[in-house]
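[1] here is a sequence with its predicted model. Questions after.
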Amino acid sequence: MNALLNSLITELRRGTLTLAVLSQLRTPQYGYSLVQRLEQSGISIDQSTLYPLLRRLEKQELVTSSWDTSESRPRRYYVLSAFGLEIFEQLKQEWEKTSQELYTLLKGEKDDESVGTD
C-alpha cells in the first residue's frame, strides 16, 4: 500500500511542482536559491528533480537562463520568458479553478460522511 500511495503522491505533486517553480521565476533565481525559496513555502524538491524540470521548461521556451560569472562561483540563473509569464498566469488561473472544485468535492465528501453518522 505504501508503494502505491507514494506513487500516487508523486503523480499528484508532479504538476504542482511545475507551477511552484514557475511561480518563483518572475525574478531570476539559480538552482539552490530556488530550492530554498520553495522549501521556505513548505515545498520540498530534490535537485535531481529540479534541474531536469528547469531544462524542460527552457526547452519549452517558458524559461530562459544565463550565466553570472561576476562572483567566484559561476551561477546559472533562470527567469520566466514573456511567453512563460503568460503561460504561468493561465496555469495559475486553472489551478485556482481546479483547487476550488476539488475543495468543494472533498468538503462535500466530509459533509456526506457526517450526515450518515447522525
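    Nice, I can see it.

[2] which helices and strands does the strand or helix carrying Q90 pack with?
    Here Q90, judged by DSSP states H and E, is contained in helix 82-116. Identification of packing neighbours for helix 82-116 by 3 or more Cβ pairs under 8 Å, 6 or more residues apart in numbering; DSSP states H and E yields helix 2-23. (Glycine included, C-beta is placed from N, CA and C.)

[3] next SSE downstream of the helix it packs on?
    Downstream of helix 2-23, the next assigned helix or strand under DSSP H and E is strand 29-30.

[4] off-centre distance for that next one?
    The chain centroid and the centroid of strand 29-30 are separated by 15 Å under Cα atoms, centre = their mean, to the nearest Å.

[5] dihedrals phi and psi, L62?
    Note on L62: its backbone torsions stand at phi -90, psi -20 [degrees, to the nearest 10].

[6] that one against Q90, yeah?
    No. Using Cβ atoms under 8 Å, L62 is not in contact with Q90, being 11.3 Å away.

[7] thinking again about what came up before, mind checking the pLDDT average for the helix holding Q90?
    For helix 82-116, mean pLDDT is 89.
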